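Asks: Just a sequence and a predicted model for now, questions to come.
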Amino acid sequence: MKKTTTLKKLILDKEILIMPAAYDGVSARIIEQVGFKAVTLGGYAVSASLLGKPDVSLLTLTEMATYTRNITEAVDIPVFVDGDTGHGNVTNVMRTIREFEKAGAAGLFIEDQIFPKRCGHMEGKQVIAAEEMIPKIKAAVDTRIDKDLIIMARTDAFATHGIDEAIERGNKYREAGADLIFVEAPTLKEDMVKIAREVAAPLITIQGEGGKTPLMTAKELEQIGYSVVVYPGSALYAATWAVRSIMKELFTTGTTKGFMDRMITFDEFNQLIGLDDVLKEESYYYRELLEPGS
């Protein structure tokens with residue numbers, strides 16, 4: 001089954017789809033090996049890991065497309081990616097769709113912030129008119145070659161215009177052809193219930209540690225009516241904490257010996273990133289095919 005078709009099926013299943021966000025190839029492989037069925041790649045984590053910068057539109061389309069290609073080659077599960085604002089107007093959106101589709105993405109989203117955009121849980125957001133966003137969605141839907149490629153539309157209007165405007169936009173974006181709708185950064189559980197009740201589309205939400213949206217279990221979100229939940233910073237935050245901790249240990253003591261019980265070992269890491277598989281392939285071509293009688 002195509003990864004696009006797999007992702008579409010997972011979204012439409014009754015059970016909520018949990019999509020942790022990777023920030024690089026190693027974290028993506030861990031997400032897959034733990035057992036998650038899909039992984040997401042957000043601009044927040046990629047801006048931090050690739051540029052060491054915040055999510056404020058510094059990351060370019062080509063950088064994100066290259067990063068996406070690396071992740072899709074690292075894992076076998078569907079990869080859902082961040083298309084920001086589509087990187088411009090409708091013609092830019094069309095190129096964005098083509099680039100991510102060529103990179104192997106199973107789905108992506110575009111949002112209705114103005115450019116330069118910023119992380120949805122930061123202050124100072126502004127949005128374009130819904131009438132300007134709708135052509136972007138239509139262009140995205142019309143451009144995709146694979147009709148199962150998931151197109152998600154995100155609105156940040158909750159912060160700028162209130163919940164009713166955000167719900168209205170969500171329904172308009174669904175009518176324009178979006179497969180999945182995301183009303184970003186509701187601040188109360190009651191708001192999330194209202195959104196799930198009044199937006200007539202499969203819905204996605206996020207659980208960002210320290211963000212504006214209340215933290216709930218995946219089962220609670222499923223019961224409210226959400227189809228997908230994303231954890232955009234969990235892996236990045238945990239890795240950042242771990243790296244900072246070991247660097248402090250090394251700086252203070254001059255050794256990492258006291259941290260060994262909180263680290264993966266050399267052999268374990270090689271196994272994680274698939275060294276054995278690479279060596280088997282190498283052996284096949286350099287030795288087995290050259291043996292007499294082969």
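Replies: Done, it's in.

Asks: Show me the contact partners of the helix or strand of the chain with the lowest mean pLDDT.
Replies: Least confident element among the helices and strands of the chain, by mean pLDDT, DSSP states H and E: helix 275-286 (a mean of 88). When contacts are defined by C-beta atoms under 8 Å, 6 or more residues apart in numbering, helix 275-286 is touched by residues Asn270. Where C-beta positions appear, they are placed from N, C-alpha and C, glycine not excepted.

Asks: Could you export that helix as PDB, CA atoms only?
Replies: Extracted in PDB, the C-alpha atoms of helix 275-286 (Å, rounded to 0.1, in the frame of the first residue of the first chain):
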ATOM      1  CA  LEU A 275      24.600  -0.600  10.300                       C
ATOM      2  CA  ASP A 276      24.000  -4.400  10.100                       C
ATOM      3  CA  ASP A 277      21.700  -4.000   7.100                       C
ATOM      4  CA  VAL A 278      24.200  -1.800   5.300                       C
ATOM      5  CA  LEU A 279      27.000  -4.200   5.900                       C
ATOM      6  CA  LYS A 280      24.900  -7.100   4.600                       C
ATOM      7  CA  GLU A 281      24.200  -5.300   1.400                       C
ATOM      8  CA  GLU A 282      27.800  -4.400   1.000                       C
ATOM      9  CA  SER A 283      28.900  -8.000   1.600                       C
ATOM     10  CA  TYR A 284      26.400  -9.200  -1.000                       C
ATOM     11  CA  TYR A 285      27.800  -7.000  -3.800                       C
ATOM     12  CA  TYR A 286      31.500  -7.200  -2.900                       C
END
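
Asks: any chance you could map the helices in the stretch 1-150 of the chain?
Replies: Along the stretch 1-150 of the chain, the stretches classed as helices by DSSP state H, counting those that start in this stretch are 3-12, 25-34, 43-46, 61-74, 90-102, 130-143.

Asks: Take these and write them to JSON lines, including mean pLDDT.
Replies: Shown next, in JSON lines, are the helices of the stretch 1-150 of the chain (pLDDT from 0 to 100):
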{"stretch": "helix 3-12", "mean pLDDT": "98"}
{"stretch": "helix 25-34", "mean pLDDT": "97"}
{"stretch": "helix 43-46", "mean pLDDT": "93"}
{"stretch": "helix 61-74", "mean pLDDT": "97"}
{"stretch": "helix 90-102", "mean pLDDT": "98"}
{"stretch": "helix 130-143", "mean pLDDT": "98"}
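
Asks: which one of those is the most hemmed in?
Replies: Of the helices of the stretch 1-150 of the chain, the one with the most neighbours on average (mean count of other C-beta atoms under 10 Å) is helix 43-46, at a mean of 24.

Asks: Go ahead and confirm Glu222 touches Ile16.
Replies: Yes - at 3.8 Å, Glu222 counts as touching Ile16 under the criterion of C-beta atoms under 8 Å.

Asks: Compare neighbour counts for those two and give me the winner.
Replies: Applying other C-beta atoms under 10 Å to Glu222 and Ile16 shows that Ile16 carries more neighbours, namely 23 against 18.

Asks: In contact with that one, which residues are there?
Replies: Per C-beta under 8 Å, 6+ apart, neighbours of Ile16: Ala218, Lys219, Leu221, Glu222, Tyr226, Ser227, Val228, Val229.

Asks: before we move on, the earlier item: TSV for the helices of the stretch 1-150 of the chain, including distance to Ile264?
Replies: TSV is the format used below for the helices of the stretch 1-150 of the chain (distance: least, C-beta to C-beta, whole Å):
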stretch	distance to Ile264
helix 3-12	28
helix 25-34	10
helix 43-46	20
helix 61-74	17
helix 90-102	31
helix 130-143	40
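
Asks: closest to His121 out of the ones you listed?
Replies: helix 43-46 (8.9 Å; C-beta to C-beta).

Asks: What ranges in the protein fall below the confidence cut-off?
Replies: Applying pLDDT under 70 to the chain picks out residues 288-294.

Asks: Break it down into its structural domains.
Replies: What automatic domain parsing lists as the domains of the chain is 3-232, 240-290.

Asks: Which of those has the highest mean neighbour count?
Replies: Among those, domain 3-232 has the highest mean neighbour count (mean count of other C-beta under 10 Å), at a mean of 19.

Asks: can you give me the end-to-end distance of that domain?
Replies: Terminal residues of domain 3-232 are spaced 21 Å apart (C-alpha to C-alpha, to the nearest Å).

Asks: What residue, apart from its backbone neighbours, is nearest Leu149 spatially?
Replies: The shortest distance from Leu149 to any non-neighbouring residue, by C-beta to C-beta, 6 or more residues apart in numbering, is to Thr4 (5.0 Å).

Asks: Hmm, the one you found is touching Ile145, no?
Replies: No - under the criterion of C-beta under 8 Å, Thr4 is not in contact with Ile145, lying 10.0 Å apart.

Asks: Before I go, just wanted to say thanks for your time.
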